[in-house]
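# pasting the sequence and the predicted model now:
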Amino acid sequence: MATSLPSYADGPADDAVNERLRSLLEATHRQWTSPDERRRMRAFGFRPAVEPGVLKREWHGLAVRVSLSGVRAARPGEGELAWLAADRTLLLDGRPYAGQPSGSGLVESLLALIAAYERWVEAREGREERIQRGRSVPADRRPVNALAETRRLQRMLQAPRTRR
């Protein structure tokens, strides 16, 4: 039986990281904008911003904002990483992000926030409940396990880069 799951092993390692990062941010954004999840996020420490429908959180110097349009993470001196939900675009300082080293600190900090949030939900509600939250869309046969995915991405980002 052939599997329908995507293979990230094909192609350059940077492409695998970028595709996994986009998939994780898309799933995280979809999850974080649901009404039930927004209540959890408030309990985790996200607070309403001045703009309607926006939640914000400071995380180890990283300013994160979540809205229906996307997720933004900024740190003074490092720039801004933005996931735009409408066109599935990942931007670093307004330009497409393709794994440049200049954005790696922002990516790692955002992954740490997502992982900490997922661990917090798991400690509070249990592993099965944490994973089942991603099954809100019936057509999604395989929800993204955000905690496992952040760990995998963090390992991939820490691996020594090979020369091309």
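Right, received. Where do you want to start? Quick caveat, the model's predicted, so the values are computed rather than measured. Numbers count the residues shown, from 1 in each chain.

# what's the helix or strand for R57?
strand 55-59 (DSSP states H and E).

# in the next helix or strand after that strand, which residues are buried?
Remark: after strand 55-59, the chain's next helix or strand is strand 62-67, criterion DSSP H and E. By neighbour count with 16 or more other CB atoms under 10 Å, strand 62-67 contains the buried residues 62, 64-67. Bear in mind the C-beta positions are built from the backbone N, C-alpha and C, glycine included.

# return the closest of these with respect to R130.
For the buried residues of strand 62-67, the closest approach to R130 (CB to CB) belongs to V66, at 18.1 Å.

# which ones are touching that closest one?
Contacts of V66 were listed using CB atoms under 8 Å, 6 or more residues apart in numbering, and they are 29, 32-33, 41, 46, 54-56.

# could you redo the last one with a cut-off of 7 Å?
Residues near V66 by CB atoms under 7 Å, 6 or more residues apart in numbering: 32, 54-55.

# next one: S102
L92 are the contacts of S102 under CB under 7 Å, 6+ apart.

# element containing the closest residue to R20 other than its chain neighbours?
Residue nearest to R20 in three dimensions, not counting chain neighbours: L153, with 5.6 Å by CB to CB, 6 or more residues apart in numbering. Using DSSP H and E, L153 falls within helix 146-158.

# and what of E80?
Secondary-structure assignment from DSSP H and E places E80 in strand 79-84.

# what helices or strands is that strand leaning on?
Other elements packing on strand 79-84 under the criterion 3 or more CB pairs under 7 Å, 6 or more residues apart in numbering; DSSP states H and E are strand 70-75, strand 89-92, helix 104-125.

# now it, how far from the centre of its chain.
Relative to the centre of its chain, strand 79-84 is centred 11 Å away, using CA atoms, centre = their mean, to the nearest Å.

# hey, C-alpha coordinates of that strand in CSV?
This file holds the C-alpha atoms of strand 79-84, laid out as CSV (Å, rounded to 0.1, in the frame of the first residue of the first chain):
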residue,chain,number,x,y,z
GLY,A,79,13.9,41.9,12.6
GLU,A,80,10.4,40.4,12.1
LEU,A,81,9.4,37.0,11.0
ALA,A,82,5.8,36.9,9.6
TRP,A,83,3.6,34.0,8.6
LEU,A,84,0.8,35.3,6.3
